[in-house]
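Undergrad: Turn this into a structure:
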Amino acid sequence: MSETYTPRFNGIIGQTKAKRKLDFYIDSYEKAGLIPNLLFTAPKGCGKTMMATALAKELVKDGEVKPKRYLEVNCSTLKNVKKFFDEFIIPHVNDRDVTILFDEASEIPQDVEMAMLTILNPNPDNRTSFSYDEYTVDFDFRRQTFMFATSEPHKVFHALKDRLDRVDLEEYSYTELGEIVRINLPEVDFAEGILAEIASVLRGNARAAQKMATKIQMWLDANGGYSFLPADWKDLMYTLGIAPLGLRAKEIEILRVLRDSRDCSLTRLGSKTGMTPESLRRDYELYLMNQDLLEISTSGRNITKVGKDYLKQYELAEAA
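TA: Next comes the predicted model:
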(Lines give C-alpha, C1' and ligand atoms only; values in the text may rest on other atoms or scores of the structure.)
Protein backbone atom coordinates (compact mmCIF):
# COMPACT_ATOMS: atom_id res chain seq x y z
CA MET A 1 0.00 0.00 0.00
CA SER A 2 1.12 3.56 -0.60
CA GLU A 3 2.83 5.30 2.36
CA THR A 4 0.66 8.43 2.14
CA TYR A 5 -0.99 10.79 4.60
CA THR A 6 -2.70 14.18 4.50
CA PRO A 7 -0.62 17.39 4.70
CA ARG A 8 -1.38 17.86 8.41
CA PHE A 9 2.09 16.73 9.52
CA ASN A 10 4.12 17.96 6.56
CA GLY A 11 6.40 19.99 8.82
CA ILE A 12 7.51 16.83 10.63
CA ILE A 13 10.13 14.63 8.96
CA GLY A 14 9.61 10.86 8.90
CA GLN A 15 7.22 8.87 11.13
CA THR A 16 4.95 7.96 8.21
CA LYS A 17 3.14 5.12 10.00
CA ALA A 18 2.46 7.20 13.09
CA LYS A 19 1.22 10.10 10.96
CA ARG A 20 -1.14 7.81 9.06
CA LYS A 21 -2.57 6.43 12.31
CA LEU A 22 -3.00 9.89 13.81
CA ASP A 23 -4.62 11.13 10.60
CA PHE A 24 -7.26 8.43 11.05
CA TYR A 25 -7.94 9.60 14.59
CA ILE A 26 -8.14 13.26 13.52
CA ASP A 27 -10.69 12.41 10.81
CA SER A 28 -12.76 10.62 13.45
CA TYR A 29 -12.44 13.50 15.89
CA GLU A 30 -13.64 16.05 13.35
CA LYS A 31 -16.91 14.11 12.96
CA ALA A 32 -17.47 12.46 16.34
CA GLY A 33 -15.37 14.62 18.67
CA LEU A 34 -13.59 11.62 20.11
CA ILE A 35 -10.23 9.85 19.82
CA PRO A 36 -8.68 7.14 22.00
CA ASN A 37 -6.43 8.12 24.87
CA LEU A 38 -2.93 7.60 23.50
CA LEU A 39 0.52 6.43 24.59
CA PHE A 40 3.46 7.72 22.51
CA THR A 41 6.60 5.60 22.85
CA ALA A 42 10.09 6.13 21.43
CA PRO A 43 13.67 6.57 22.65
CA LYS A 44 14.58 9.98 24.05
CA GLY A 45 14.90 12.68 21.43
CA CYS A 46 12.81 10.92 18.79
CA GLY A 47 9.84 13.27 18.73
CA LYS A 48 7.20 11.99 21.17
CA THR A 49 6.31 15.42 22.51
CA MET A 50 6.53 16.95 19.03
CA MET A 51 4.04 14.43 17.59
CA ALA A 52 1.66 14.80 20.53
CA THR A 53 1.75 18.59 20.24
CA ALA A 54 1.15 18.42 16.49
CA LEU A 55 -1.83 16.11 17.06
CA ALA A 56 -3.31 18.41 19.71
CA LYS A 57 -3.27 21.33 17.25
CA GLU A 58 -5.38 19.29 14.81
CA LEU A 59 -8.16 18.36 17.25
CA VAL A 60 -10.73 20.76 15.83
CA LYS A 61 -14.35 19.63 15.53
CA ASP A 62 -16.51 20.45 12.53
CA GLY A 63 -17.93 23.93 12.98
CA GLU A 64 -15.15 25.07 15.31
CA VAL A 65 -12.14 27.19 14.39
CA LYS A 66 -9.51 26.28 16.98
CA PRO A 67 -8.44 23.25 18.98
CA LYS A 68 -9.01 22.62 22.65
CA ARG A 69 -6.59 24.05 25.18
CA TYR A 70 -3.39 21.99 25.34
CA LEU A 71 -1.46 21.24 28.55
CA GLU A 72 1.81 19.40 29.12
CA VAL A 73 2.57 17.82 32.48
CA ASN A 74 5.91 16.33 33.50
CA CYS A 75 4.86 13.28 35.52
CA SER A 76 7.78 13.67 37.92
CA THR A 77 5.87 16.67 39.35
CA LEU A 78 2.83 14.51 40.24
CA LYS A 79 3.81 13.76 43.84
CA ASN A 80 0.60 12.08 44.98
CA VAL A 81 -3.07 11.75 44.13
CA LYS A 82 -4.08 14.64 46.45
CA LYS A 83 -1.78 17.10 44.68
CA PHE A 84 -2.87 15.62 41.34
CA PHE A 85 -6.48 16.60 42.02
CA ASP A 86 -5.93 19.77 44.07
CA GLU A 87 -3.32 21.35 41.80
CA PHE A 88 -4.13 19.95 38.37
CA ILE A 89 -7.46 18.18 37.82
CA ILE A 90 -9.71 20.61 39.68
CA PRO A 91 -8.22 23.91 38.40
CA HIS A 92 -7.31 22.83 34.85
CA VAL A 93 -9.37 19.80 33.76
CA ASN A 94 -12.67 19.59 35.61
CA ASP A 95 -15.57 20.77 33.40
CA ARG A 96 -13.16 22.00 30.71
CA ASP A 97 -12.32 21.18 27.11
CA VAL A 98 -8.66 20.26 27.18
CA THR A 99 -6.00 17.96 25.74
CA ILE A 100 -3.37 16.85 28.26
CA LEU A 101 0.01 15.28 27.58
CA PHE A 102 1.52 13.42 30.53
CA ASP A 103 5.21 13.39 29.61
CA GLU A 104 7.67 10.94 31.21
CA ALA A 105 4.74 8.63 31.98
CA SER A 106 7.03 6.07 33.60
CA GLU A 107 7.34 8.52 36.54
CA ILE A 108 3.62 8.54 37.47
CA PRO A 109 3.28 7.78 41.22
CA GLN A 110 1.46 4.56 42.06
CA ASP A 111 -1.57 6.18 43.70
CA VAL A 112 -2.02 8.51 40.72
CA GLU A 113 -1.71 5.50 38.41
CA MET A 114 -4.46 3.73 40.35
CA ALA A 115 -6.70 6.78 40.00
CA MET A 116 -6.04 6.90 36.26
CA LEU A 117 -7.17 3.29 35.93
CA THR A 118 -10.64 4.39 37.03
CA ILE A 119 -10.59 7.67 35.12
CA LEU A 120 -9.55 6.02 31.84
CA ASN A 121 -11.63 2.85 32.19
CA PRO A 122 -13.12 2.19 28.70
CA ASN A 123 -16.92 2.10 28.47
CA PRO A 124 -19.59 2.65 25.79
CA ASP A 125 -20.53 6.09 27.16
CA ASN A 126 -16.96 7.43 26.97
CA ARG A 127 -17.53 9.01 30.37
CA THR A 128 -16.28 8.20 33.86
CA SER A 129 -16.48 9.66 37.36
CA PHE A 130 -13.90 9.67 40.10
CA SER A 131 -14.53 10.55 43.73
CA TYR A 132 -11.71 11.81 45.89
CA ASP A 133 -11.95 13.52 49.25
CA GLU A 134 -14.82 16.02 48.85
CA TYR A 135 -14.62 15.97 45.06
CA THR A 136 -16.51 13.98 42.49
CA VAL A 137 -15.11 14.76 39.05
CA ASP A 138 -16.84 13.77 35.83
CA PHE A 139 -14.60 13.01 32.86
CA ASP A 140 -16.09 13.24 29.38
CA PHE A 141 -13.70 12.05 26.66
CA ARG A 142 -15.45 14.20 24.10
CA ARG A 143 -14.20 17.15 26.15
CA GLN A 144 -10.98 15.81 27.67
CA THR A 145 -8.30 13.95 25.69
CA PHE A 146 -5.49 12.22 27.61
CA MET A 147 -2.13 11.49 26.00
CA PHE A 148 0.96 9.94 27.55
CA ALA A 149 4.57 9.78 26.38
CA THR A 150 7.49 7.70 27.58
CA SER A 151 10.83 6.31 26.49
CA GLU A 152 10.42 3.48 29.02
CA PRO A 153 7.03 1.85 28.34
CA HIS A 154 8.03 -1.22 30.35
CA LYS A 155 7.88 0.93 33.48
CA VAL A 156 4.28 2.03 32.89
CA PHE A 157 1.81 -0.13 34.83
CA HIS A 158 0.45 -2.78 32.46
CA ALA A 159 -3.19 -2.09 33.37
CA LEU A 160 -2.75 1.59 32.49
CA LYS A 161 -1.08 0.71 29.18
CA ASP A 162 -4.08 -1.52 28.40
CA ARG A 163 -6.35 1.52 28.63
CA LEU A 164 -4.31 3.47 26.06
CA ASP A 165 -3.84 3.15 22.33
CA ARG A 166 -0.12 2.93 21.64
CA VAL A 167 1.66 4.99 18.99
CA ASP A 168 5.22 3.72 18.51
CA LEU A 169 7.53 6.10 16.69
CA GLU A 170 10.06 4.64 14.26
CA GLU A 171 13.83 4.99 14.14
CA TYR A 172 14.95 7.79 11.82
CA SER A 173 16.90 6.94 8.69
CA TYR A 174 20.07 8.79 7.74
CA THR A 175 18.11 10.51 4.96
CA GLU A 176 15.48 11.76 7.43
CA LEU A 177 18.08 12.93 9.96
CA GLY A 178 19.93 14.79 7.21
CA GLU A 179 16.69 16.42 6.16
CA ILE A 180 16.06 17.58 9.73
CA VAL A 181 19.48 19.23 9.74
CA ARG A 182 18.78 20.82 6.35
CA ILE A 183 15.37 22.28 7.21
CA ASN A 184 16.85 23.84 10.34
CA LEU A 185 19.45 25.58 8.15
CA PRO A 186 17.44 26.67 5.09
CA GLU A 187 20.04 29.22 3.91
CA VAL A 188 23.04 26.88 4.11
CA ASP A 189 24.40 25.23 0.96
CA PHE A 190 25.52 21.71 1.91
CA ALA A 191 28.08 19.91 -0.24
CA GLU A 192 26.82 16.77 -1.96
CA GLY A 193 26.75 13.75 0.36
CA ILE A 194 27.68 15.68 3.48
CA LEU A 195 24.23 15.47 5.11
CA ALA A 196 24.50 11.66 5.11
CA GLU A 197 27.89 11.92 6.83
CA ILE A 198 26.43 14.25 9.44
CA ALA A 199 23.45 11.95 9.95
CA SER A 200 25.74 8.99 10.62
CA VAL A 201 26.91 10.50 13.94
CA LEU A 202 23.46 11.46 15.25
CA ARG A 203 22.60 8.06 16.76
CA GLY A 204 19.16 8.01 15.13
CA ASN A 205 18.07 10.97 17.25
CA ALA A 206 16.00 13.82 15.82
CA ARG A 207 16.82 16.11 18.74
CA ALA A 208 20.53 15.51 18.09
CA ALA A 209 19.92 16.56 14.48
CA GLN A 210 18.44 19.87 15.64
CA LYS A 211 21.33 20.42 18.04
CA MET A 212 23.85 19.63 15.30
CA ALA A 213 22.19 22.19 13.05
CA THR A 214 22.79 24.78 15.78
CA LYS A 215 26.48 23.82 16.00
CA ILE A 216 26.88 24.03 12.22
CA GLN A 217 25.32 27.50 12.27
CA MET A 218 27.75 28.53 15.03
CA TRP A 219 30.63 27.21 12.93
CA LEU A 220 29.49 29.15 9.87
CA ASP A 221 28.95 32.31 11.91
CA ALA A 222 32.51 32.06 13.24
CA ASN A 223 34.11 31.20 9.90
CA GLY A 224 31.92 33.12 7.47
CA GLY A 225 30.09 31.97 4.39
CA TYR A 226 26.93 29.98 3.68
CA SER A 227 28.47 26.79 2.28
CA PHE A 228 29.26 23.78 4.45
CA LEU A 229 31.96 21.68 2.82
CA PRO A 230 33.65 18.33 3.66
CA ALA A 231 36.63 20.22 5.08
CA ASP A 232 34.29 22.18 7.37
CA TRP A 233 32.70 18.97 8.63
CA LYS A 234 36.10 17.36 9.23
CA ASP A 235 37.26 20.39 11.20
CA LEU A 236 34.02 20.57 13.19
CA MET A 237 34.27 16.87 14.09
CA TYR A 238 37.83 17.41 15.29
CA THR A 239 36.95 20.55 17.25
CA LEU A 240 33.95 18.96 19.01
CA GLY A 241 35.52 15.52 19.41
CA ILE A 242 32.86 13.79 17.33
CA ALA A 243 33.75 10.16 16.63
CA PRO A 244 32.45 8.08 13.69
CA LEU A 245 28.95 6.71 14.36
CA GLY A 246 28.70 9.33 17.11
CA LEU A 247 30.38 7.03 19.65
CA ARG A 248 31.09 8.58 23.01
CA ALA A 249 34.52 8.42 24.64
CA LYS A 250 33.31 5.86 27.18
CA GLU A 251 31.95 3.62 24.42
CA ILE A 252 35.32 3.66 22.68
CA GLU A 253 36.93 2.82 26.02
CA ILE A 254 34.58 -0.16 26.37
CA LEU A 255 35.60 -1.43 22.93
CA ARG A 256 39.27 -1.15 23.89
CA VAL A 257 38.70 -3.15 27.08
CA LEU A 258 36.86 -5.84 25.14
CA ARG A 259 39.58 -5.98 22.51
CA ASP A 260 42.04 -6.90 25.26
CA SER A 261 39.72 -9.14 27.33
CA ARG A 262 37.90 -12.03 25.68
CA ASP A 263 34.60 -13.17 27.24
CA CYS A 264 34.63 -10.20 29.58
CA SER A 265 32.11 -10.28 32.43
CA LEU A 266 29.95 -7.25 33.21
CA THR A 267 31.65 -6.96 36.60
CA ARG A 268 35.12 -6.92 35.03
CA LEU A 269 34.03 -4.43 32.39
CA GLY A 270 32.65 -2.19 35.14
CA SER A 271 35.90 -2.39 37.13
CA LYS A 272 37.96 -1.50 34.05
CA THR A 273 35.80 1.46 33.03
CA GLY A 274 34.66 2.73 36.41
CA MET A 275 31.00 2.27 35.40
CA THR A 276 28.23 0.51 37.29
CA PRO A 277 26.74 -2.60 35.65
CA GLU A 278 23.37 -0.85 35.35
CA SER A 279 24.90 2.15 33.60
CA LEU A 280 26.82 -0.10 31.20
CA ARG A 281 23.68 -2.01 30.29
CA ARG A 282 21.35 0.96 29.93
CA ASP A 283 23.56 3.76 28.63
CA TYR A 284 26.30 2.14 26.57
CA GLU A 285 25.90 -1.49 25.54
CA LEU A 286 22.63 -1.10 23.64
CA TYR A 287 24.02 1.34 21.09
CA LEU A 288 27.23 -0.67 20.66
CA MET A 289 25.16 -3.78 20.00
CA ASN A 290 22.88 -1.87 17.64
CA GLN A 291 25.94 -0.93 15.59
CA ASP A 292 27.26 -4.54 15.65
CA LEU A 293 30.35 -3.45 17.57
CA LEU A 294 29.68 -5.59 20.65
CA GLU A 295 28.07 -8.96 21.23
CA ILE A 296 26.90 -10.69 24.41
CA SER A 297 26.86 -14.46 24.89
CA THR A 298 26.54 -16.79 27.85
CA SER A 299 30.32 -16.66 28.26
CA GLY A 300 30.54 -12.86 28.43
CA ARG A 301 30.93 -9.72 26.33
CA ASN A 302 33.13 -9.55 23.25
CA ILE A 303 34.08 -7.04 20.60
CA THR A 304 32.97 -8.04 17.11
CA LYS A 305 35.03 -7.97 13.93
CA VAL A 306 33.16 -4.79 13.02
CA GLY A 307 34.17 -3.37 16.39
CA LYS A 308 37.83 -4.29 15.87
CA ASP A 309 37.80 -2.69 12.43
CA TYR A 310 36.17 0.42 13.89
CA LEU A 311 38.87 0.74 16.55
CA LYS A 312 41.63 0.22 14.01
CA GLN A 313 40.32 2.95 11.72
CA TYR A 314 39.60 5.27 14.65
CA GLU A 315 43.08 4.91 16.11
CA LEU A 316 44.73 5.38 12.70
CA ALA A 317 42.77 8.60 12.27
CA GLU A 318 43.72 9.75 15.77
CA ALA A 319 47.40 9.15 15.06
CA ALA A 320 47.34 11.01 11.76
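
Undergrad: Sketch out the helices for the stretch 101-250 of the chain, chain order is fine.
TA: For the stretch 101-250 of the chain, the helices defined by DSSP state H, counting those that start in this stretch cover 110-119, 158-162, 174-184, 194-199, 206-223, 230-240, 249-260.

Undergrad: Go through the third one and flag the buried ones.
TA: Translated: helix 174-184. Glu176, Leu177, Gly178, Glu179, Ile180, Val181, Arg182, Asn184 (16 or more other Cβ atoms under 10 Å). For the C-beta atoms, the positions are set from N, CA and C on the backbone; glycine is no exception.

Undergrad: so what's the closest residue to the last one other than its chain neighbours up against?
TA: Spelled out, that is Asn184. Distances taken as Cβ to Cβ, 6 or more residues apart in numbering place Ala213 nearest to Asn184, at 3.6 Å, with adjacent residues excluded. The contact partners of Ala213, taken as Cβ atoms under 8 Å, 6 or more residues apart in numbering, are Ile180, Val181, Asn184, Leu185.

Undergrad: Can you show me the strands along the chain?
TA: 38-41, 69-74, 98-103, 127-132, 135-140, 144-150, 165-168, 189-190, 227-228, 294-297, 300-303 (DSSP state E).

Undergrad: distance between the ends of stretch 243-255?
TA: By Cα to Cα, to the nearest Å, the extent of stretch 243-255 from end to end equals 13 Å.

Undergrad: start to end distance for stretch 278-291?
TA: In stretch 278-291, first residue to last residue: 20 Å (Cα to Cα).

Undergrad: next one: that stretch to chain centre, how far?
TA: 17 Å (Cα atoms, centre = their mean, to the nearest Å).

Undergrad: same thing with stretch 21-31?
TA: Put simply, stretch 21-31 sits 23 Å off its chain's centre (Cα atoms, centre = their mean).

Undergrad: Farthest from the middle of the protein: give me that residue.
TA: Using Cα atoms, centre = their mean, the residue of the chain lying farthest from its centre is Glu134. It sits 38.5 Å away.

Undergrad: contacting residues for His92?
TA: Neighbour list for His92: Leu71, Val98 [criterion: Cβ under 8 Å, 6+ apart].

Undergrad: tell me the pLDDT at it?
TA: Confidence at His92, expressed as pLDDT, is 94.

Undergrad: go on, the one 5 residues further on?
TA: At Asp97, the predicted lDDT confidence score is 93.

Undergrad: just the one 3 residues further on next, same as before
TA: The predicted local confidence for Ile100 comes out at a pLDDT of 96.

Undergrad: I'd like the numbering to begin with 670 instead of 1 from here.
TA: New numbering, starting at 670: the last item is Ile769.

Undergrad: Just give the closest residue to it, not the sequence neighbours.
TA: Per Cβ to Cβ, 6+ apart, closest to Ile769 is Leu740, 4.9 Å.

Undergrad: Ser745 too?
TA: Here the residue nearest Ser745, using Cβ to Cβ, 6+ apart, is Glu776, at 4.4 Å.

Undergrad: Fine by me, thanks again.
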